[in-house]
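Visitor: how would this look folded up:
(4 chains)
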Protein chains: 4
Amino acid sequence: MSGVWGNKIKLSIFGESHGKAIGIVIDGLKSGIEIDIDYIKNEMERRAPGASPLSTPRKETDKFDILSGYFNGRTTGTPLSAIILNNNTRSRDYEKTAGLLRPGHADFTGSIRYRGFNDYRGGGHFSGRITAPLVFAGAICKKILEDKGILIGSHIKSIGAIEDGSCFDPVSISKESILKLSKSKFPVLDEVKGKDMEESILKIKEEGDSVGGVIETVVVNLPPGIGNPFFDSVESSISHLLFSIPAVKGVEFGEGFNIASMRGSEANDEYYISEQSTMKTYTNNNGGVLGGITNGMPVIFRTAIKPTPSIAKTQKTVDIKKKQNTFLKIEGRHDPCIVPRAVPVVEAVAAIGILNLMEY
Amino acid sequence: MSGVWGNKIKLSIFGESHGKAIGIVIDGLKSGIEIDIDYIKNEMERRAPGASPLSTPRKETDKFDILSGYFNGRTTGTPLSAIILNNNTRSRDYEKTAGLLRPGHADFTGSIRYRGFNDYRGGGHFSGRITAPLVFAGAICKKILEDKGILIGSHIKSIGAIEDGSCFDPVSISKESILKLSKSKFPVLDEVKGKDMEESILKIKEEGDSVGGVIETVVVNLPPGIGNPFFDSVESSISHLLFSIPAVKGVEFGEGFNIASMRGSEANDEYYISEQSTMKTYTNNNGGVLGGITNGMPVIFRTAIKPTPSIAKTQKTVDIKKKQNTFLKIEGRHDPCIVPRAVPVVEAVAAIGILNLMEY
Amino acid sequence: MSGVWGNKIKLSIFGESHGKAIGIVIDGLKSGIEIDIDYIKNEMERRAPGASPLSTPRKETDKFDILSGYFNGRTTGTPLSAIILNNNTRSRDYEKTAGLLRPGHADFTGSIRYRGFNDYRGGGHFSGRITAPLVFAGAICKKILEDKGILIGSHIKSIGAIEDGSCFDPVSISKESILKLSKSKFPVLDEVKGKDMEESILKIKEEGDSVGGVIETVVVNLPPGIGNPFFDSVESSISHLLFSIPAVKGVEFGEGFNIASMRGSEANDEYYISEQSTMKTYTNNNGGVLGGITNGMPVIFRTAIKPTPSIAKTQKTVDIKKKQNTFLKIEGRHDPCIVPRAVPVVEAVAAIGILNLMEY
Amino acid sequence: MSGVWGNKIKLSIFGESHGKAIGIVIDGLKSGIEIDIDYIKNEMERRAPGASPLSTPRKETDKFDILSGYFNGRTTGTPLSAIILNNNTRSRDYEKTAGLLRPGHADFTGSIRYRGFNDYRGGGHFSGRITAPLVFAGAICKKILEDKGILIGSHIKSIGAIEDGSCFDPVSISKESILKLSKSKFPVLDEVKGKDMEESILKIKEEGDSVGGVIETVVVNLPPGIGNPFFDSVESSISHLLFSIPAVKGVEFGEGFNIASMRGSEANDEYYISEQSTMKTYTNNNGGVLGGITNGMPVIFRTAIKPTPSIAKTQKTVDIKKKQNTFLKIEGRHDPCIVPRAVPVVEAVAAIGILNLMEY
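Guide: Numbering: from 1, shown residues only, chains lettered A, B, ... in the order given. Modelled structure (predicted):
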């Protein structure tokens, strides 16, 4: 089972990169919610390739078609489905290497899982393209949250070994900085470091290689009391969805792996009542979540994205048909770094994961 | 909703630390599986406190009672339930601080989530004690996997700033080293470093403080083809359960956050066919999972555990009844470091998460 | 998978008739709901055998123990679990017939399904006794509904060929008649017919035989708008649970099978606005549900209960061990008619099925 | 939540009658299954209106488009989605009556449930048209079962007060009779009675009225052991889906409501071993299911379909905008009897409900 997730909100995702269309069904949305088509388009453009020299020159039209659950500009409350037709596919790029396992991709694992019957072209159901419908669904959820004052924002914390100049201040992130980041195609807190990162990516691209990175995301103004202990905790919901995104290899909340090296006296976030009579903590090492439930402080998490597996350099591999060791040189147009494009996907699933736990 | 998880295997967990009993129902187990009671007891003893000077002196009898789904030593195939009666509770330890929010705990978040009606004594449903039924369920799953040759083992990678002497070799971990680790109350690969860690914990305990750590876990001999792309990937299933464990703040697979700083040419795990005609990779930066599906290499992941929130040092906090800032000094008998006790819990949920994706 | 059901409210049922205990976990109940223990006990007594010459003389103590999710008389909002210990079991009644398939029971089907590993004693997980935890859970839900003015009531429409004197008036059932029925051990609208039915049961019992019946149930004061089209319709939710009760072989809503012989002009329930400005219909052939959603009129349904399979008369059967045709004479203490005891079970699942679709 | 159902096989249905498209996603199908497009088309033609003078003259093109999960003629194992574009819609037929509640339809209930935001045109998500995607999904499942020798067949047991000449012989139904029925647009066992029924429908149509009926369905060659006690019983799974079909008001298995009037000695199905060493029963009053699990005998059930609510006769109703009692005369092209068209829908959901419980 790969395609169904959720409880209050249920998602059904489908599609192969070179099939007729990819899409998603979102069930459980309240009726009467205004759908902001431009907002959705904007989120999807953040994800689409071909928009920058940093990414693949493949142009994917992410033009979506809402098929149901949408009437007179609002949700009907019945299942809302949308599809994106697959155009701009160059199957022949993939034919040359049929039978050769591309390292870092799901060619081998997918062929075993689906007993050889999966649509392997362009990555099939494993393709990063299938994140487009996720962004569609996430945009709807993100807008619902935004209209309640709950904002989600991210900056690229690192590309390869290059770190952004700073991180989010875990106790306080301004609405303005989040909005500013969301407008950027390469969102960073330190523009100079941002330029270093972009140059690094271009250089790595010329080398025929790729690089990964870490995205730091924050959710502000979430009221306390959202989530559950155990199986539907905020961290469980969000990480389940994050690890569903191809290329994600790590997720941490608050101080994350750092917190493991701390003392309790350092790590504990001590409470105080603010002047506006709100419950706050002096620090926020727990990333706004305690016992799986929000405490009103910013929810902060980090997602580790591995370098794009498709590189131009020659690699050792196996020909699965001939069952022998061989070499592979991937051609075609590939992303040297998917991190900037992954930002809206990460935010999308965070929005979905959170809305699934809320009344609204 | 906090208590229900799963698909092929469904878990329903219940219980408060100071209620009558805690327990779990496991639905979906195949019929006819021999239940090894001693094996389960052993796993649960690894979790139980009071067994070592490193942990709390509270003795929790984790004596479990199987109520159903078990007949003539085997699973019946019907829902298998077990409970653990709550003894050894000292409610008065918790009364002195009623109304005072303990930093790092779920007192505040739980009171909002449950609108003040939760059983707050001893952490209630948020208590680490509720991991005991998880270990019970996980032990059954772990034994099923073991009987198929699939082993799960862990070492404590770090306590505070002290690192274990080495890590698992991601391409090859011997059965013997896993069995050796499973017999140890403080499993490490380097005994000297282990001693340093234990001394550090005792020292921190005397200071009335606590410390966190990182657990590195490996699953060997998993056949390729287990898992799914998107919503039921191996990483999603395992991380969902890991983040359900109280105190977990980070999860990474393979090289995890490290992979984000690599090039594709470094990170990609190149394939080759071994002498025994098995598909292997020279490296294993992806931690045995590609496209959410196992590739036959060891599945490796790391879990970050935060330091125990209950420390003896005085902390700033809020009195939620009087709505004013105040101080808190927690008394009672608390773990300075729960990492060694978290090891069997981490292994338990890994076993459950994996078995939920498999035919057996 | 047999034991888990639900969406907003999730049930996990477990237990075998001759195992240690039977029980249920209810997850998703709101916090702060007052639990009326006497109310629950009352509902469970309606189900318990041994209370009347009409049923089996076996006394089953349905004394329940709430283990979690319950504190200071109210729900905590965390999973609420309860168990009922199994006493009063006479395993030797079942030993004599081990290997002989009892017609109408699940001996054969259960042995295939569970590959011979099921606990066959006393029906195991197929025993009608496992409805006791359902009544427990249903009592909690029924009380929640009652406190909102939503009442559930039933009368025995027929025992064998004997019909109750009348049926519910589908457009209007008084609160008083429902309360009166709930107090009766043998709820009928026509006391004379009720006596006929009871005499008939006693006579059939003397003959060593059994008889079935039909229960008609009504839910009044449900607001309109509860339910969904397609997969989570009111009829789907309720029938899914009704058909989970052993011995149920038919479910119909409104005019049910009768409606199939009607014209549209007869069947359609025409609308009007009442003097109190409420939307009503002149007739209620649709049983209060249209498009899977309540319309405010009483929800009415009927459940067909088959005769108890355990009869004293000699029956032809198969010895499954010897693989040969043979005869069977069941001994022991068995219900000649379980219909009166099934009434609270039917009402319990109706309450659960409805609450699962509501906000409260 | 209306659109998601299932466990091993998960369905997500979506679409409004006058929206862009209706469709379904099926997740959990095994990979490598050959999809017989003609078989699916055939099943869908059985459902489509406009094919007979008995049904509405509206021609609905049920031309479907498979968007994913399908490659080189076989299932890939990833989510399989299909859509049907909505053509042939005459919105103006529905505009005249906007605001007037059509008796027997979901206009009122849907407007409350979706707070006035539902797409009301042509019934929206409540339209019988949404059964087309169900037939698509069911056809795939039905074919899988057929290839395993498991056949599903139905006859129209009654239209109004006219009964078919006979019923299925519950202990033995031939493959030939099932195949013969599946080829008929008006499947009956007694052709003469069939003609009576058809004439009756035409007469009722001229009167501007409608009529309901009962469908009797059988599933043959199901091996014993399929199903579960309690919540995922065969009857629960099938009835849950049957009651999801608009217009269904009753479901019974085996002797159904009849069994309630029987004695145990009559109702019990006694076992014997046949000459071919198969376990059989002399009678089959339980409809092939005991304890929620199949016993190898034919599974038989009956579905009650109410008369089509849309009739030409003038009806009393309410104008929901003006909040006053009024009259309504529905125009447009409507089915006098949907029973023949409901047959493939009933068989579709039976196939899905059964396959969801099986290994294959």
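Visitor: Show the low-confidence segments of the stretch 251-360 of chain A, by residue range.
Guide: Along the stretch 251-360 of chain A, the model assigns pLDDT under 70 to no residue.
Visitor: is it true that A:Leu42 lies in a helix?
Guide: In this structure residue A:42 is Asn, not Leu. Yes: assignment of A:Asn42 by DSSP: H, G, I helix; E, B strand; the rest coil places it within a helix.
Visitor: in the stretch 151-300 of chain A, what residue is nearest chain B?
Guide: Closest to chain B within the stretch 151-300 of chain A is A:Gly291: 2.5 Å, counting by CB to the nearest CB. For glycine as for every other residue, the C-beta is placed from the backbone atoms N, C-alpha and C.
Visitor: mind listing what the closest residue to that residue other than its chain neighbours touches?
Guide: Distance criterion CB to CB, 6 or more residues apart in numbering or on different chains; nearest residue to A:Gly291, sequence neighbours excluded, is B:Ala106 at 2.5 Å. By CB atoms under 8 Å, 6 or more residues apart in numbering or on different chains, the contact list for B:Ala106 reads A:229, A:290-293, B:123, B:126, B:246.
Visitor: again, only this time at 10 Å
Guide: A:227, A:229, A:289-293, A:295, B:112-113, B:118, B:120, B:123-127, B:246, B:309 (CB atoms under 10 Å, 6 or more residues apart in numbering or on different chains).
Visitor: residue ranges of the helices in the stretch 51-200 of chain A, please?
Guide: For the stretch 51-200 of chain A, the helices defined by DSSP state H, counting those that start in this stretch occupy A:91-95, A:107-113, A:131-147, A:175-182, A:191-206.
Visitor: residues in contact with the last one?
Guide: Contacts with helix A:191-206, where a contact means CB under 10 Å, 6+ apart, come from A:52-56, A:155-156, A:158-166, A:184-188, A:190, A:209-211, A:213, A:307, A:311-312, A:334-337, A:339-340, B:263-265.
Visitor: One more: the fourth one?
Guide: With contacts defined as CB under 10 Å, 6+ apart, helix A:175-182 is touched by A:42-43, A:46, A:142, A:146, A:149, A:151-156, A:168-169, A:173-174, A:187-189, A:218-221, A:343-344, A:347.
Visitor: measure the residue of the stretch 151-300 of chain A closest to chain B to A:Ser233 for me?
Guide: 8 Å (CB to CB, to the nearest Å).
Visitor: repeat for A:Glu176
Guide: Taken as CB to CB, the span from A:Glu176 to A:Ser233 is 30 Å.
Visitor: Then A:Val346?
Guide: Going from A:Val346 to A:Ser233 by CB to CB gives 18 Å.
Visitor: A:Glu176 and A:Ser233: which has the busier surroundings?
Guide: Neighbour count, other CB atoms under 10 Å in any protein chain shown: between A:Glu176 and A:Ser233, A:Ser233 has more, with 26 against 8.
Visitor: ok, for that one, nearest residue in space, not its chain neighbours?
Guide: Counting by CB to CB, 6+ apart, the residue nearest A:Ser233 is A:Gly292, at 2.6 Å.
Visitor: dump the residue contacts of that neighbour.
Guide: A:226-237, A:357, B:2, B:106, B:109-110, B:113, B:126, B:243-246, B:248.
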